[in-house]
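# Give me the fold of what follows.
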Amino acid sequence: MDHRLALLVAVIACGGENTPQPNRDANANTTTAAPAPPSPSPVPSQDSGVAGTTAVTHRARPGAPQAALRAVEATAQPGYDRVVFEFAGDSVPGYHVEYAPATMTVRRCGSGDPVTVQGAGKLIVRFEPARAHDDQGQPVVERERTLGLPALTEMKLICDFEGQVEFVLGVTAATVPSRVSTQGLPARIVLEVRHAP
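Below is the predicted model of the structure:
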C-alpha cells in the first residue's frame, strides 16, 4: 500500500513540471484573468473625411505669375462639399481662406457695396496673384451662383481687381471645418467644407 502511494507521488512530481499552471497573483489565491483583447479602432463617421480647421488658412506666393481662373465647380460629397477652382497654366496662386466675423459686412472691392449671402456663416476665399477675366476684361466664371448644397448655400465673386480674386461663400452653419489642397495638371485649388453635424 505504501509502495503504491510512493509511486503515485513520484508520477505527480515528474509530470508537474510540464503541466501548465494557472497564473496566480502573488498576493492572492485567485487566478488572474487573461488580458482583454484590444478594442477595435472606432469607425470614423461619414463626415470625418475632412478634418479641416475653422482657423485662417493662408499660403502666400509672392513673385508667382498671375494665375487665370478658368472654371469653378461645386459638388456635394459624402460628409462634405467640394469647390474646385481651376486655373490656366501649371501653377496655382496664393490663397487665403477665413470665416468673416458675424458682425462684419462683406463688401465688393472697388465699389464698396455690401454683399449678402444666405446661411449662418460667410467663408471668404481669396486668390493672389490671380484674375477671373479674359484679356478683354470679360468674366470667365459666374459672378453669382446658388449652390444649394448641404454645407454651402451660394457663392459670389466680390473682387477681380489688381491681381486679387475673392469669393464669399454662404455656409449653412456659423463655422464648420474646411481644408484647402492643391492639385496639378490641371492646376487646381480644392476647398472642402464639412457638413454640419
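# what's in contact with the host helix or strand of residue 97?
Following DSSP states H and E, the helix or strand that holds residue 97 is strand 94-99. With contact meaning Cβ atoms under 8 Å, 6 or more residues apart in numbering, strand 94-99 is reached by 54-62, 64, 121-129, 171, 174-175, 178, 180, 189, 191. Every residue, glycine included, has its C-beta placed from N, CA and C.
# One more: stretch 136-156?
Contacts of stretch 136-156 (Cβ under 8 Å, 6+ apart): 68-72, 74-76, 80-81, 83, 115, 117-119, 132-134, 157, 160, 167-173, 176, 193-196.
# Endpoint to endpoint, it covers what distance?
21 Å (Cα to Cα, to the nearest Å).
# Now do the buried residues in it.
141, 145, 147, 149-156 (16 or more other Cβ atoms under 10 Å).
# biggest separation within those, which pair?
Between any two of the buried residues of stretch 136-156, the greatest separation by Cβ to Cβ is 22.4 Å, found for 141 and 150.
# got the phi/psi numbers for residue 118?
phi -70, psi 150 (degrees, to the nearest 10).
# Excluding chain neighbours, what is closest to it?
Of all residues beyond its chain neighbours, the one nearest residue 118 is residue 153 (4.2 Å), with distances taken as Cβ to Cβ, 6 or more residues apart in numbering.
# does the one you found belong to a helix or a strand, and which?
Judged by DSSP H and E, residue 153 forms part of strand 152-161.
# where does this protein dip in pLDDT?
1-50 (pLDDT under 70).
# Whatever helix or strand comes next after the strand holding residue 97 pairs with which strands, and in what direction?
Sequence order places strand 106-107 as the next helix or strand after strand 94-99, per DSSP H and E. The strands beside strand 106-107 in its sheet (DSSP bridges) come out as strand 114-115 (antiparallel).
# just to revisit the earlier point, which ones among the contacts of stretch 136-156 map onto strands?
In strands, defined here by DSSP state E, the members of those are 68-72, 74-76, 80-81, 83, 115, 157, 160, 167-171, 193-194.
# Show me which of the residues you listed are buried.
68-70, 72, 74, 80-81, 83, 157, 160, 167-171, 193-194.
# And the regular element (helix or strand) spanning residue 165, how far out from the chain middle?
Element membership for residue 165 (DSSP H and E) is strand 164-171. The chain centroid and the centroid of strand 164-171 are separated by 19 Å under Cα atoms, centre = their mean, to the nearest Å.
# what does the next helix or strand along the chain from it rub up against?
Downstream of strand 164-171, the first helix or strand assigned by DSSP H and E is strand 178-183. By Cβ under 8 Å, 6+ apart, the list of residues contacting strand 178-183 from outside reads 50-54, 57, 59, 92, 95, 97, 123, 188-194.
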